[in-house]
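# one predicted model, sequence on top.
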Amino acid sequence: MDTRIIGLGVPAESVATPAIAAAGLVRSFKDNRALDDVSIRVMPGEIHALLGPNGAGKTTLLKILSGLAAPDEGDIQVLGQAGHRLMTRDARAVVGLIPSGDRSFYLRLSGLENLMFFARLYGMPKRQAASRSWDVLRAVDLEAAAKRQVGVYSHGMQKRLSVARALLMDPPIMLVDEATHDLDPEASRTVRSLVVTARDHGAAVVWATQRLDEIRGFADRVTLLHEGRVRFEGTVPELMAVTVPRRYLVHVRGRAPLHVAARALTGIASLTGSEETEEQFLLVLEDGAGLGEAIVALVGAGLELVACREERSEIESAFLFLVRGTS
Amino acid sequence: MSAVHIRRVGRVTTVRAEIRKLAAFLRRDLLVALSYRMSFVSDWIAMVVQVVVFNFVGRIVRPDAIPSFGGSRATYMEFVAVGIAVSSFMAIGLGRVNTAIRQEQVQGTLESLLLTPTALTTIQLGSVVYDIVYVPIRTSIFLVLTSLVFGTSYHWSGLPLVMVVLLPFIPFVWGLGVLAAAWTLTFKRGTGVIGLFATALALGSGTYFPTDVLPGWAESIFRYSPVTIALDACRRALLGGAGFVDILGDVLRLIPFAAVTLTAGVIAFRMALDRERRRGSLGLY
């Protein structure tokens, strides 16, 4: 599948200078083309979700944007700085990267000492490094564990420490790789709210994730990557509009006679479920049929409809449509 | 948000800022060393054991097998103590830079370091700054210990001259170390080869025994080794009471070696880093 859908909405800021502008990025690892003609634009004050399944090329793209890896082809501009200058000292000060793995700290040092060390490498004098480290530790709710060795931190705590490190310099660009990948809901919310605050202060955030549920109400724009190619670029509502939901879970009161309902839905939808034990059925609309039509038919057949909801979220449907080519 | 631009700072400010960062590296490695208390203590125990072992070895070495320095014949203990002291600086350059970069790679902190606005040289130097401070202290204690316990005698006035010899010697071994680090960054392995090279250099250059006991061909090769030159100069200063003029020739002979290895090391490391960035394998080990 080689679908590339560009969102119709043109962001108002498109006339302004993007914090990140990459065009035509190509990157191969031996025979594997990790990125194939990938373009992305992220404005200041925007959370740009980089969505895609494992191996889609998200981490490779973040590494290229941070200057840790070089593209084979393509152009990158970060705050107006050309890609080949991303590894210069001055350029590195503007990017905060939250890597996907745990291993980016000195495990024998405390969280506070780790942050102070990195703060000083960012050029802060010792006293300022200490006070800023405490500030960000408080922000990520690690104040109590500040003096404990990072080696005894849980995965979630290390991830929050990564966020704290990225926040040390209030960077105008934040690159976040699977930050909430295996965090509990509370920790995920904390991390997201920190990123939202950074966005509200004007940071351009690229948020790589494969968790579809977290981009709604969070990301301003989405780029969906699959097998190294951009399959979609636009806003979250535009992503959701890519597919029309066709699969619904229907909950009826009492034991529903499946054959009666199925007969009433002939030509509109198919219905599957267990007549003996289930009160819920999976309703799949036929092409051209609408949900309202199906509900009218079910009610007309004498069924009491308690609830009806999409089997998958709109985002999940769109994701699967774009990735697998099926709705 | 108002337009954010990448700020460029002046060269002097940058150099000053980079020097300040070395203190952060020093603190980091001191804390790490202290967190491994047993390893810290065992290092000192190892030093004491080493002194005792060489004292016993010294008892079976014929005094006339040791060359004389400034007209007076040194004991084996004196001879080897200076050898060990100088070669400990070689170990920092050759072993530590490489090991430190490898360690950063393995524990996953190399990428985090490279993402900070820190010069590559600062990262390389920072990764061994603790050793640069610690090893001279350890070496001085080592020499004092041999002097107090085994009655070795040094011309302490030669100590500043040893520093002068170390001025070109440390950049020489540093260059070799950075070359080794470039090798490790590229091939991920190779500490064994580097260790072998360092041992061969230490043995052949006369750390533990005079070079004239080597086979003729080996002696003629190692005679020109910068390590041999540095060791000989340090021994003449500490054991023979040589003056500045006596060691000046050795210092001048060391400078080209330092220039070559340092330049080659810096270029090789940059190339290795660029290669890893192109391949996207900076964090792999």
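Everything's here; your move. Residues are numbered from 1 along each chain as shown, chains lettered A, B, ... in the order given.
# now the helices for the chain?
Since you didn't name a chain, this refers to chain A. With helices called from DSSP state H, chain A shows them at A:58-66, A:89-92, A:111-121, A:126-139, A:155-167, A:185-200, A:236-240, A:258-264, A:291-300, A:314-324.
# oops, wrong one, chain B.
Counting by DSSP H, one finds helices in chain B at the ranges B:11-35, B:37-60, B:76-91, B:97-106, B:110-114, B:120-150, B:159-187, B:191-204, B:216-222, B:226-239, B:244-279.
# right, so of these, which gets closest to chain A?
When the helices of chain B are compared by CB to the nearest CB, helix B:11-35 sits nearest chain A, at 3.7 Å. Every C-beta, even on glycine, is put in place using the N, C-alpha and C of the backbone.
# for residue B:149, the count of nearby residues, please.
By the criterion of other CB atoms under 10 Å in any protein chain shown, residue B:149 has 13 neighbours.
# can you verify my assumption that it contacts residue B:51?
Yes: between residue B:149 and residue B:51 a contact is recorded at 7.1 Å, counting by CB atoms under 8 Å.
# and the closest residue to chain A within the stretch 101-250 of chain B, backbone torsions?
With CB to the nearest CB, the shortest gap between the stretch 101-250 of chain B and chain A falls at residue B:108, namely 2.8 Å. Per-residue torsions, residue B:108: phi 80, psi 10 (degrees, to the nearest 10).
# quick one on the thing from earlier: can you list the helices of chain A in TSV and add mean neighbour count and distance to chain B?
Converted to TSV, the helices of chain A look like this (neighbours: other CB atoms under 10 Å in any protein chain shown; distance: least, CB to the nearest CB, whole Å):
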stretch	mean neighbour count	distance to chain B
helix A:58-66	25	6
helix A:89-92	20	4
helix A:111-121	26	4
helix A:126-139	17	8
helix A:155-167	23	8
helix A:185-200	17	10
helix A:236-240	20	22
helix A:258-264	16	54
helix A:291-300	16	43
helix A:314-324	20	23
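# residue ranges with poor pLDDT in the stretch 201-327 of chain A?
Along the stretch 201-327 of chain A, segments meeting pLDDT under 70 span A:243-245, A:254-257, A:274-278, A:312-315, A:317-318, A:324-327.
# ramachandran angles for the residue in it positioned nearest to chain B?
In the stretch 201-327 of chain A, the residue that lies nearest chain B is residue A:202 (2.5 Å; CB to the nearest CB). Backbone dihedrals for residue A:202, given as degrees, to the nearest 10, come out at phi 110, psi 0.
# for it, grab the count of nearby residues.
Here the count is done by other CB under 10 Å, and residue A:202 has 16 residues near it.
# for it, give its distance to residue A:44.
The spacing between residue A:202 and residue A:44, counted by CB to CB, to the nearest Å, is 5 Å.
# show the contacting residues for the closest residue to residue B:159 other than its chain neighbours.
Leaving out its chain neighbours, the residue that sits closest to residue B:159 by CB to CB, 6 or more residues apart in numbering or on different chains is residue B:238, at 7.2 Å. Neighbour list for residue B:238: B:82, B:154-155, B:158-159, B:162 [criterion: CB atoms under 8 Å, 6 or more residues apart in numbering or on different chains].
# and residue B:238, what pLDDT?
For residue B:238, the pLDDT comes out at 90.
# looking at the helices of chain B, which has the lowest confidence?
Comparing mean pLDDT across those, the weakest is helix B:191-204, with a mean of 77.
# list the contacts of it.
Counting by CB under 8 Å, 6+ apart, B:87, B:90-91, B:94-95, B:98-99, B:102, B:180, B:183-184, B:208, B:211, B:214, B:218, B:221-222, B:225, B:227-228 sit against helix B:191-204.
# what's around the closest residue to residue A:150 other than its chain neighbours, how many residues?
Excluding the flanking residues, the one nearest residue A:150 by CB to CB, 6+ apart is residue A:105, at 4.6 Å. By other CB under 10 Å, the residues close to residue A:105 number 26.
# with adjacent residues omitted, what lies nearest to residue B:128?
Ranked by CB to CB, 6+ apart and with sequence neighbours excluded, the top spatial neighbour of residue B:128 is residue B:96, at 4.6 Å.
# next one: residue A:64
Using CB to CB, 6+ apart and skipping residues adjacent in sequence, the residue nearest residue A:64 is residue A:71, 5.2 Å away.
# roughly how far apart are the residue lying closest to residue B:47 once chain neighbours are set aside and residue B:233?
Nearest non-adjacent residue to residue B:47, counting by CB to CB, 6+ apart: residue B:142, 5.9 Å away. Distance of residue B:142 to residue B:233, computed by CB to CB: 19 Å.
# who's more crowded, these two?
Ranked by neighbour count (other CB under 10 Å), residue B:142 and residue B:233 place residue B:233 first, with 27 against 20.
# so who does the residue nearest to the more buried one when sequence neighbours are not counted touch?
Residue nearest to residue B:233 in three dimensions, not counting chain neighbours: residue B:250, with 3.8 Å by CB to CB, 6+ apart. By CB under 8 Å, 6+ apart, residue B:250 lies in contact with B:165, B:229-230, B:232-233.
# ok, residue A:187 next?
A:156, A:159-160, A:180.
# and it, how far from residue A:166?
Going from residue A:187 to residue A:166 by CB to CB gives 16 Å.
# over to residue B:206?
Plainly put, residue B:206 is 52 Å away from residue A:166 if you go by CB to CB.
# for residue B:253, same thing?
Applying CB to CB, the value for residue B:253 to residue A:166 is 50 Å.
# can you check residue B:38 too?
Distance of residue B:38 to residue A:166, given as CB to CB: 35 Å.
# could you do residue A:199 as well?
Distance from residue A:199 to residue A:166, counting by CB to CB: 13 Å.
# possible to save the helices of chain B as TSV with distance to residue A:121?
What follows is the helices of chain B, written out as TSV (distance: least, CB to CB, whole Å):
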stretch	distance to residue A:121
helix B:11-35	6
helix B:37-60	25
helix B:76-91	26
helix B:97-106	13
helix B:110-114	7
helix B:120-150	8
helix B:159-187	19
helix B:191-204	26
helix B:216-222	41
helix B:226-239	33
helix B:244-279	17
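# skip the chain neighbours and tell me the closest residue to residue 72.
No chain in the question, so chain A it is. Nearest residue to residue A:72 in three dimensions, chain neighbours excluded: residue A:26, at 4.9 Å (CB to CB, 6+ apart).
# to clarify, I was referring to chain B.
Of all residues beyond its chain neighbours, the one nearest residue B:72 is residue B:240 (6.6 Å), with distances taken as CB to CB, 6+ apart.
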